[in-house]
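>>> one predicted model, sequence on top.
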Amino acid sequence: MYHPKTVEWDKKLKGICDRIDHWLEEHYGGMYPLRPNRPARGMTSNPEMDGLFNIQTLFTPGFTSETGRGYLVEIEMSTLEDVEEHIKTEIRDIVLIKFKNELKREFPERLLEIGIEGNMIKIWGDLSLGSL
């Protein structure tokens, strides 16, 4: 059983990921062929499961991180083709900007930061449940 505020947090993060996935599909979806077992965009009820992109967040306790605990933003491209590094970097940078804007919109009351840690996008800051 999860705390209702945790459920709300996860739902908002999923919404952000889905909106960014939709934008990426519109702008980059036709650049590479899908893996043979990957359904085309819109063929499932969950954007994580179809189309070229899968955007999701994963909690990290941040044991070896300077920023501590937070969420990593995973950007997966479902293709067997080699994706050029400059395209990967361009997409990561776009996702970073879009996520930053969406976090401000979805969580205006929280002091959240987002940036690049290693080669991943990471969200950290006020991850508390607030007053109970």
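Cool, the structure landed.
>>> is it true that I114 lies in a strand?
Yes. The assignment for I114 is a strand, going by DSSP: H, G, I helix; E, B strand; the rest coil.
>>> quick one: contacts for it?
For I114, the contacting residues are L96, F99, K100, L103, I121, K122, I123, W124, by C-beta atoms under 8 Å, 6 or more residues apart in numbering. For the C-beta atoms, the positions are set from N, CA and C on the backbone; glycine is no exception.
>>> need the contact list for the fourth one.
Spelled out, that is L103. The neighbours of L103, taking C-beta under 8 Å, 6+ apart as the test, are I16, R110, L112, I114, I123.
>>> and if we set it to 7 Å?
Under the criterion of C-beta atoms under 7 Å, 6 or more residues apart in numbering, the neighbours of L103 are L112, I114, I123.
>>> and what of the last one?
Shown here is W124, whose contacts under the criterion C-beta under 7 Å, 6+ apart are T67, G68, R69, G70, E113.
>>> picking up where we left off before, closest one to F59 out of the contacts of L103, please.
Comparing those against F59 with C-beta to C-beta picks out I123 as the nearest, at 9.8 Å.
>>> so the closest one, which state does it fall into?
Of the three states, I123 takes strand according to three-state DSSP.
>>> report pLDDT for it.
Predicted confidence (pLDDT) at I123: the value is 97.
>>> quick check: it touching R69?
No. Look at I123 against R69 with C-beta atoms under 7 Å: they stay out of range, at 10.1 Å.
>>> tell me where the chain has strands.
Remark: strands of the chain, listed N- to C-terminal, are 53-60, 70-77, 112-117, 120-125; assignment by DSSP state E.
>>> how far is the third one from where the chain is centred?
The reference is to strand 112-117. The gap between the average C-alpha position of strand 112-117 and the chain average comes to 12 Å, counting by C-alpha atoms, centre = their mean, to the nearest Å.
>>> done for today, thanks.
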